[in-house]
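Trainee: Need coordinates for the below:
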Amino acid sequence: MAKKVSEADFLRLLEQHDVAEVARQLGISDRAVRKRRQRIRERGNVAAVQAAAKPEAKATDPEVRALRAQLRAITSEKLDADYVRRKIIGLAKAPIDTPDWLVQRRAQAGDLGVPTLFASDWHWAEKVDPRQIGGVNEYDLAIAHRRARKMIERTIHLLRNCMAGASYPGIVFALGGDMVSGDIHEELQATNEMEIMPTVLDLVGVLQWCIQQLADEFGRVFVPCVSGNHGRNTKKIRAKGRNHTSFDWLMYGILAKLFEADPRVTFLIPEGSDASWRVYGMRYRLSHGDQFRGGDGMIGALGPIIRGDHKKRSRDGQIGEGYDVLMIGHFHQLIQLQRLIVNGSLKGYDEYAYANNFGFERARQALWITHPEHGITFSMPVNVDDAPKLAADEAAAGWVSWRDCA
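Mentor: Residues are numbered from 1 along each chain as shown. Here you go, the predicted structure:
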């Protein structure tokens, strides 16, 4: 016959015995024990645990120490990522399955494949002073808003007007981290245009608009997301719990909640630092890129990127998680190779790049199309800044020109 006990006694039994022994003593099944334990954890019944630890008990009492350990365990489990999504943000679940419109199929007439727009390194709320970099770039919140709009408008123009008659089953809108400037350096704390909390709220609204426009234009949007290093609220980037100390991750969760009722939009928000999915048969791996370090004045960022890609492929190949194309941001340089895509930035050239004599790079984001049979075909940068002004003689030249050396 089943024996009824209080929650405090129930937790005390679990602390002293395994599930099978608790079930035997209470005269119930193992499953019933696990279900009751889970209900207590989900409810966070801290009061029951605290009540079991009598105030008059000595701190050295083993029973008190055990109950306090149980309290800490319940509290830590209650505040995990799944609890934040379900209870605080309000998501019913975290979608992780690749949408069925990305699976392998034969190309039809006019079908160019699935476009991918790679958005990363927006550094929202950072200010770039043109007077400190020779006037080649300027960045603030007003400019950031205009550039985000240009990115969407020019993406639609490139895919619709420059690819006349093309059809697409949907679009991948990858978010690669460093979406906010953050407060990780003293100079950013002193010069950012807004504090981090209003920055997050402002950017959530902009990203919501971007996703809405893409959904309205292309019908379906798949949004894989990873966190960067600038959005963290810790002094150093963490390997453990990296996402749970990142404002990037928080924004992704809020966006997923905003689009939870929209069947056109699917989010992939992994717990780790990388996201993986397939577009037809092409295996993509998204990572921010801050784990790749090194380089020199001659080869620049390409050296550590290639080495990092090689190490990551070797690691993933050992566990059966290989990929075909690695996508990273972080370096603010648009590089599109056969097996590697490095994104530019919305911010563009800044004081750090100027002071370190890095090559000039326009503010731009990567865009490409994955064909069902031919893989990546069309690659086209989406320039979001103003086009550089040409000299008078260059502007007056024909569609092609050369110098006459005769």
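Trainee: Phi and psi next, for the residue lying closest to Phe247 once chain neighbours are set aside.
Mentor: Nearest residue to Phe247, sequence neighbours excluded (Cβ to Cβ, 6 or more residues apart in numbering): Gly231, at 4.1 Å. The C-beta positions use only the backbone N, C-alpha and C, and glycine is treated the same way. Backbone geometry at Gly231, expressed as degrees, to the nearest 10, gives phi -90, psi 0.
Trainee: Can you give me the neighbour number for Gly231?
Mentor: Neighbour count for Gly231, taken as other Cβ atoms under 10 Å: 28.
Trainee: Got the confidence number for it?
Mentor: At Gly231, the predicted lDDT confidence score is 85.
Trainee: Then the one 5 residues further on?
Mentor: Here, the pLDDT recorded for Lys236 equals 86.
Trainee: so who does it touch?
Mentor: Contact partners of Lys236, counting by Cβ atoms under 8 Å, 6 or more residues apart in numbering, are absent.
Trainee: so how far is Arg242 from it?
Mentor: When Cβ to Cβ, to the nearest Å is the yardstick, Lys236 and Arg242 sit 11 Å from each other.
Trainee: what's across from Arg364 in the sheet?
Mentor: Partner residues in beta bridges with Arg364, using DSSP bridges, are Asn383.
Trainee: Now do the buried residues in the strand or helix carrying Gln213.
Mentor: Using DSSP states H and E, Gln213 sits in helix 196-218. Residues 196, 199-200, 202-204, 206-207, 210-215, 218 are the ones in helix 196-218 that count as buried (16 or more other Cβ atoms under 10 Å).
Trainee: Touching, the residue nearest to Phe247 and Gly176? I think so.
Mentor: No. Counting by Cβ atoms under 8 Å, Gly231 stays clear of Gly176, with 11.6 Å between them.
Trainee: and the closest residue to Leu250 other than its chain neighbours, what is it in contact with?
Mentor: Setting aside the residues directly before and after it, Leu250 is nearest to Val200 in space (Cβ to Cβ, 6+ apart), at 6.6 Å. Neighbour list for Val200: 180, 247, 250-251 [criterion: Cβ under 8 Å, 6+ apart].
Trainee: Next one: Asn161 from Glu153, what distance?
Mentor: Between Asn161 and Glu153 the computed distance is 11 Å (Cβ to Cβ).
Trainee: Please say which of these two ends up with more neighbours.
Mentor: Of the pair Asn161 and Glu153, Glu153 is the one with more neighbours under other Cβ under 10 Å, namely 13 against 8.
Trainee: any idea how far the more buried one is from Asp262?
Mentor: Noted for Glu153: a distance of 21 Å to Asp262, by Cβ to Cβ.
Trainee: Please report phi then psi for Ala119.
Mentor: Residue torsions, per degrees, to the nearest 10, at Ala119 are phi -110, psi 120.
Trainee: That one contacts Val172, doesn't it?
Mentor: No. Assessed by Cβ under 8 Å, Ala119 is found out of contact with Val172, at 10.6 Å.
Trainee: thinking again about what came up before, quick check: the two most widely separated of the buried residues of helix 196-218?
Mentor: Spatially, the most separated pair among these is Ile196 and Phe218, at 31.9 Å (Cβ to Cβ).
Trainee: Quick check: end-to-end length of stretch 12-20?
Mentor: The first and last residues of stretch 12-20 sit 15 Å apart, counting by Cα to Cα, to the nearest Å.
Trainee: ditto for stretch 155-162
Mentor: 10 Å.
Trainee: Give the buried residues for that stretch.
Mentor: For stretch 155-162, by 16+ other Cβ under 10 Å, it's 155-156, 158-159.
Trainee: of these, closest to Arg285?
Mentor: Using Cβ to Cβ, Thr155 is the member of the buried residues of stretch 155-162 that lies nearest Arg285, at 22.4 Å.
Trainee: part of a helix, is that closest one?
Mentor: Yes. If the criterion is DSSP: H, G, I helix; E, B strand; the rest coil, then Thr155 is within a helix.
Trainee: For it, list the residues it contacts.
Mentor: Contact analysis of Thr155 by Cβ under 8 Å, 6+ apart lists 115, 117, 214, 367, 382.
Trainee: What score does Glu138 have for pLDDT?
Mentor: As predicted, Glu138 sits at a pLDDT of 96.
Trainee: remind me which residues of this protein are low pLDDT?
Mentor: 1, 42, 44-98, 101, 103-110, 294-299, 389-397, 405-406 (pLDDT under 70).
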